[in-house]
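# could you look at this predicted model? Sequence included:
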Amino acid sequence: MNNIDLSQTKARKRPEFFSEQVRKARWFCLDLAPPADAPLAVVCGGCEFCRADYAMQRTTFAYTAIEFVADGCGSLVLAGQACELLPGTVFSYAGDVAHHIATDPKQPLVKYFVNFTGSRGAELLRTYGLAPGSRGRVFAPAETQSVFDGLIQDGVKGTRFSGALCAALVEYLIVKIAESLVPGEAIPTPAFATYQRCRQHIQNQHAHLKSLGQIARECHVDPAYLCRLFGRYDHQSPYQFLMRLKMNLAAERLQDPALLVKQVAAELGFADAFHFSRTFKKVLGVSPAAFRRLR
């Protein structure tokens with residue numbers, strides 16, 4: 001698992017609901033009894049490297065929780081429904097939503113969690129299809145993991161701003177998960193693996209990619225099949241995804257006043273600066289010239 005800097009669990013006393021069946025963990029605890037009228041108050045969170053014997057079974061829980069599997073495998077029974085835990089799996093629970101989590105001893109789980117309270121948090125979960133008892137799998141696990149890492153980073157600081165920062169990040173986390181949630185069950189299939197491979201290729205190579213045909217050739221798939229994969233697992237076409245990445249890169253390049261718009265267009269593979277400008281406005285809502293004025 002990349003880009004995680006985990007220290008040994010802090011020496012101070014852990015809340016009693018934290019598992020002892022972990023090899024290593026990093027966690028934070030802000031307030032176990034937040035104000036009852038707080039719209040969204042983060043209680044605690046962290047990342048756990050589970051031992052081979054890890055198992056957690058509860059029939060009730062005092063807070064609302066979101067958990068995310070970063071690595072390893074395991075099993076989950078959530079509100080009476082069983083499923084496999086795989087990298088990218090997310091699930092939520094609260095109140096009397098019973099949950100039983102167990103790791104595969106051969107591939108122990110590495111999972112993140114955050115616990116919080118408040119009507120705002122509950123509303124967001126309902127709005128974005130993540131109400132307690134929900135489960136799914138994200139197609140961009142690295143992005144979800146990055147948000148959890150930010151939560152831990154701000155939580156462990158323990159400053160007077162930590163609560164507000166963590167609450168804001170939980171709101172962002174919920175929307176980020178919803179954005180990349182795979183429709184249907186989180187079952188690994190060859191089609192989903194192909195989709196992930198193609199999506200990663202677009203993300204890594206978007207600066208030089210120019211067309212749907214080029215993407216398909218470099219990913220060794222049929223263009224029509226590639227579009228069907230994105231239609232099944234994503235909220236945009238592969239070409240729309242490519243253009244959004246290109247225009248985000250263009251926005252970065254346009255912050256350099258020494259570069260002409262036509263130079264940025266050429267860098268990103270647009271032979272026609274007018275076509276580039278139209279695409280930029282369609283994706284980001286303003287023309288390149290207006291974007292520079294805003295900056």
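Everything's here; your move. Numbering: from 1, shown residues only.
# going forward, measure contacts and count neighbours with C-alpha atoms only.
OK.
# sketch out the strands for the stretch 101-250 of the chain, chain order is fine.
With strands called from DSSP state E, counting those that start in this stretch, the stretch 101-250 of the chain shows them at 110-117, 135-137.
# wait, is S277 part of a helix?
Yes. Counting by DSSP: H, G, I helix; E, B strand; the rest coil, S277 is part of a helix.
# any chance of the strands of the stretch 101-250 of the chain in JSON lines, plus distance to Q240 and mean neighbour count?
Output for the strands of the stretch 101-250 of the chain, formatted as JSON lines (distance: least, C-alpha to C-alpha, whole Å; neighbours: other C-alpha atoms under 10 Å):
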{"stretch": "strand 110-117", "distance to Q240": "31", "mean neighbour count": "24"}
{"stretch": "strand 135-137", "distance to Q240": "22", "mean neighbour count": "25"}
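# how close does C166 sit to L226?
Between C166 and L226 the computed distance is 38 Å (C-alpha to C-alpha, to the nearest Å).
# next, the contact list for the spatially most central residue of the chain, please.
Geometric centre of the chain, nearest residue: T144, 2.0 Å, by C-alpha atoms, centre = their mean. With contact set as C-alpha atoms under 8 Å, 6 or more residues apart in numbering, T144 has these partners: L173, K176, I177.
# and for H206?
H206 makes contacts with L242, L245, K246, as judged by C-alpha under 8 Å, 6+ apart.
# quick one: which of the strands of the stretch 101-250 of the chain is nearest L76?
With C-alpha to C-alpha as the measure, strand 135-137 is the member of the strands of the stretch 101-250 of the chain nearest L76 (9.7 Å).
# list the strands paired with the closest one, with their directions.
Strand 135-137 sits in its sheet next to strand 89-95 (antiparallel), going by DSSP bridges.
# what residues of the strand it pairs with count as buried?
Buried residues in strand 89-95, defined by neighbour count with 16 or more other C-alpha atoms under 10 Å: T89, V90, F91, S92, Y93, A94.
# distance to L130 added to those residues, as a markdown table?
Converted to a markdown table, the buried residues of strand 89-95 look like this (distance: C-alpha to C-alpha, whole Å):
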| residue | distance to L130 |
| --- | --- |
| T89 | 12 |
| V90 | 9 |
| F91 | 8 |
| S92 | 7 |
| Y93 | 9 |
| A94 | 11 |
